[in-house]
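Trainee: Structure for this input, please:
(2 chains)
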Amino acid sequence: GIQVEQSPPDLILQEGANSTLRCNFSDSVNNLQWFHQNPWGQLINLFYIPSGTKQNGRLSATTVATERYSLLYISSSQTTDSGVYFCAVNQAGTALIFGKGTTLSVSS
Amino acid sequence: DGGITQSPKYLFRKEGQNVTLSCEQNLNHDAMYWYRQDPGQGLRLIYYSQIVNDFQKGDIAEGYSVSREKKESFPLTVTSAQKNPTAFYLCASSISGRMYEQFFGPGTRLTVL
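Mentor: Next comes the predicted model:
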């Protein structure tokens, strides 16, 4: 089946810094989503982005479907950005296949 | 207020007992999903349903059962046959089909004592 790899696994930043999270996938996909899991476990939808570029405030994402990767950019990071960021894709079926996530820690 | 609710938030079970986790949505979505998350890992699919009275096994269905009698509800039963049930369980829903965004409930944390 399709493999989803996220990097880096862990990221430590000072408040105000910028960061880039990467998601590689091993085959073509129908859907790609980025999520932020907060400390209480809630998965918050960030982007639905099977291709192209989207922006939402300090966050933006780009998916290059032909090269099988997606990038999540976080600018001017804040302590509330801390948590785990997941990339998830689907291919043949409708259920999502998740990467193992990037754990982001932002300190003040 | 549209969304997905899961209950209970925390659940403790003795070995050998079956427990049922609730998932309800009022988003009018046809498709619903159950995922399991273990510490430090991504989510893995247990079961999904694209329409009432129909559901399919996911990657790790052994020891679990589901029903889909109503569009709004997709309960998950963790049976005594599940060898390692302690985990965080997340329910999701979407418009049916491959191209639609999935939304998640707040999760149920199950601990087997």
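
Trainee: Every contact and neighbour count from this point should use C-alpha atoms.
Mentor: Will do.

Trainee: Spell out which parts of chain A neighbour chain B.
Mentor: A:30-31, A:33, A:41-45, A:48, A:86, A:90-101 (C-alpha under 8 Å from any C-alpha of the partner chain).

Trainee: Show me the residues you listed that map onto strands.
Mentor: Within the residues of chain A next to chain B, residues falling in strands by DSSP state E are A:31, A:33, A:43, A:44, A:45, A:48, A:86, A:90, A:97, A:98.

Trainee: for the residue nearest to the first one when sequence neighbours are not counted, helix, strand, or coil?
Mentor: What it means is residue A:31. Closest residue to residue A:31 apart from its sequence neighbours, by C-alpha to C-alpha, 6 or more residues apart in numbering or on different chains: residue A:50 at 4.8 Å. Counting by DSSP: H, G, I helix; E, B strand; the rest coil, the backbone at residue A:50 sits in coil.

Trainee: pretty sure residue A:50 contacts residue A:32?
Mentor: Yes. Proximity of residue A:50 to residue A:32 meets the contact threshold set by C-alpha atoms under 8 Å, at 4.7 Å.

Trainee: Overlap in contacts, these two.
Mentor: Counting by C-alpha atoms under 8 Å, 6 or more residues apart in numbering or on different chains, residue A:50 and residue A:32 have no common neighbour.

Trainee: where does residue B:105 land on pLDDT?
Mentor: With respect to pLDDT, residue B:105 scores 97.

Trainee: All the strands of chain B, in order from the start?
Mentor: Along chain B, the segments classed as strands by DSSP E run B:4-7, B:10-13, B:19-25, B:31-37, B:43-51, B:54-57, B:64-66, B:76-78, B:87-94, B:103-104, B:108-112.

Trainee: pLDDT-wise, which helix or strand of chain A ranks last?
Mentor: Lowest on mean pLDDT, DSSP states H and E among the helices and strands of chain A sits strand A:97-98, with a mean of 93.

Trainee: Contact partners for the residue minimising distance to the centre of chain B?
Mentor: Among the residues of chain B, residue B:34 comes closest to the average C-alpha position under C-alpha atoms, centre = their mean, at 3.0 Å. For residue B:34, the contacting residues are B:45, B:46, B:47, B:48, B:76, B:89, B:90, B:91, B:92, by C-alpha under 8 Å, 6+ apart.

Trainee: Okay, residue B:81 and chain A: tell me how far apart.
Mentor: Going from residue B:81 to chain A by C-alpha to the nearest C-alpha, to the nearest Å gives 24 Å.

Trainee: contacting residues for the nearest residue to that residue once chain neighbours are set aside?
Mentor: Computed as C-alpha to C-alpha, 6+ apart, the closest residue to residue B:81 that is not its neighbour in sequence is residue B:63, at 4.7 Å. Neighbour list for residue B:63: B:78, B:79, B:80, B:81, B:82, B:83 [criterion: C-alpha under 8 Å, 6+ apart].

Trainee: Closest to residue B:7 out of the ones in strands among the residues of chain A next to chain B?
Mentor: Lowest distance from residue B:7 to these (C-alpha to C-alpha) belongs to residue A:43, with 15.9 Å.
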